[in-house]
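**Student:** How does the following fold in three dimensions:
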Amino acid sequence: MKKVLIVDDEVLNRDLIVKVLRKEGMEVFEAENGEEALEQMRIKDFDLILMDLMMPVLNGFDTIKAIREQLHQEMPIVTLSAINDKSAIERAIALGANDYLTKPYNLMTMLNVVKGALSARDV
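**Tutor:** Now for the predicted structure:
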């Protein structure tokens, strides 16, 4: 069973993604901010991270950087953000995100990106 961590400060966003991914047979975990995500990553291994960028405590940019540089984790990271700015997208990718979806996104598109990232990791 694939383990996915959703990092988003909006509970409604997390709830919706949790329902979609659990229907697909994935084990889903949640964090409200980057600090919580890093804490969970120190005790669990995940196959994929879905990361919001604008969060309190520790934002998504800094969390992606910490995942790659401090924890040395290589799982795919897909950002889900309302920021639709080319420089933000480039920054997230440069820090180590594998893909970038802009909110609001289509749930089927999000699911296809998740499945693609997971199967690319299995290759």
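**Student:** What does the residue nearest the centre of the chain show for phi and psi?
**Tutor:** Centroid-nearest residue in the chain, with CA atoms, centre = their mean: residue 50, separated by 1.5 Å. In terms of degrees, to the nearest 10, the main-chain angles of residue 50 are phi -110, psi 120.
**Student:** three-state assignment of the nearest residue to it once chain neighbours are set aside?
**Tutor:** Distance criterion CB to CB, 6 or more residues apart in numbering; nearest residue to residue 50, sequence neighbours excluded, is residue 6 at 4.8 Å. In this view, the C-beta of every residue, glycine as well, is placed from N, C-alpha and C. What DSSP: H, G, I helix; E, B strand; the rest coil gives for residue 6 is strand.
**Student:** Run a quick neighbour tally on residue 6.
**Tutor:** Burial of residue 6 is recorded as 23 neighbouring residues (other CB atoms under 10 Å).
**Student:** Let me know the distance separating it from residue 45.
**Tutor:** 16 Å (CB to CB, to the nearest Å).
**Student:** go on, residue 118?
**Tutor:** In terms of CB to CB, residue 118 sits 14 Å off from residue 45.
**Student:** Let me see the ranges of the strands in this protein.
**Tutor:** 3-7, 27-31, 48-51, 77-81, 99-102 (DSSP state E).
**Student:** which residues of this protein score low on pLDDT?
**Tutor:** For the chain, the stretches flagged by pLDDT under 70 are 122-123.
**Student:** Fine by me, thanks again.
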